[in-house]
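coords below, sequence missing:
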């Protein structure tokens, strides 16, 4: 069936290093959203990408939506301890199913000072 | 604006019982979605309500049901609880996206349900 996959599942990063997490969908997504969930917390919206090939930046975070709208990536530069958490990508299959997000399994990020 | 609120925050039930969880969306948001989060299955979509109508439904058994009221508040009910229903239940609200609007969802803190 339709699914969203994320790799890696775990990411151990030394403070100051860069890393990238990837999201791949089995089918085209209407849009892709990224959420961050801190330990013990709830998912918090980070960003939304809608257009094919779109790139958006938020300070040290760079988000990209693939040309085929089936994959996305999140790149974090100069990782800080505040980046700890699990990063999820999610998207609706169609524009009409905007309230039904299909979540990837997430990338759990651990930062070593 | 106040965020999404969920009550209760924690709940312990025994197998066979039923439970009702409540969610109050952000003021002005008419869509409420429910998700189940477990370590093994991750975040799974349960259902979504918009203007008191169920718009989308996930692949959960009929024991899971929900409803939305005219003030957009939503409830979900799980009947005949099973051990496997132990999870964090999250609700999320969003505004009707319309043209050029964002589709983001705002999550509540969740209700941690433990079934013994």
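Arrived safely. Quantities reported herein were computed from a predicted structural model and do not represent experimental measurements.

Now the element after the one helix or strand in chain A whose mean pLDDT sits lowest, going C-ward?
Sorted by mean pLDDT, DSSP states H and E, the helices and strands of chain A end with strand A:102-103, the least confident at a mean of 92. Note on strand A:102-103: by DSSP states H and E, the next helix or strand toward the C-terminus is strand A:107-112.

helices or strands up against that next one?
strand A:10-14, strand A:19-25, strand A:85-91 (3 or more C-beta pairs under 8 Å, 6 or more residues apart in numbering or on different chains; DSSP states H and E). Any C-beta I mention is one placed from the backbone N, CA and C, and that applies to glycine too.

export the ones you listed to TSV and tack on mean neighbour count?
What follows is the helices and strands packed on strand A:107-112, written out as TSV (neighbours: other C-beta atoms under 10 Å in any protein chain shown):
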stretch	mean neighbour count
strand A:10-14	14
strand A:19-25	20
strand A:85-91	26
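
what's the closest of these to chain B?
Within the helices and strands packed on strand A:107-112, the stretch nearest chain B is strand A:85-91; the backing value is 6.7 Å (C-beta to the nearest C-beta).

can you give me the offset of the closest one from its chain's centre?
Centre-to-centre, strand A:85-91 and its host chain are 5 Å apart (C-alpha atoms, centre = their mean, to the nearest Å).

partners of residue B:90 in the sheet?
residue B:35 (DSSP bridges).

follow-up on the earlier one: give me the sheet partners of the least confident helix or strand of chain A and which way each runs.
Using DSSP bridges, the strands paired with strand A:102-103 are strand A:85-91 (antiparallel).

Against residue A:87, how distant is the closest residue to residue A:11 other than its chain neighbours?
Spatial nearest neighbour of residue A:11, chain neighbours left out: residue A:109 (4.9 Å); criterion: C-beta to C-beta, 6 or more residues apart in numbering or on different chains. Distance of residue A:109 to residue A:87, given as C-beta to C-beta, to the nearest Å: 6 Å.

Need the overlap of contacts for these two.
residue A:21 (C-beta atoms under 8 Å, 6 or more residues apart in numbering or on different chains).

Pull the contacting residues for the residue nearest to residue A:11.
A:11, A:13, A:19, A:21, A:76, A:79, A:83, A:84, A:85, A:86, A:87.

Next, give me the two most distant ones among those.
A:79 and A:86 (14.5 Å; C-beta to C-beta).

what mean pLDDT does stretch A:53-70 have?
Averaged over stretch A:53-70, pLDDT sits at 96.

And for stretch B:27-47?
Mean predicted confidence for stretch B:27-47 is 94.

In contact with residue A:55, which residues are there?
Neighbours of residue A:55 in contact, by C-beta under 8 Å, 6+ apart: A:62, A:63, A:64, A:65.

Right, I'll call it a day here.
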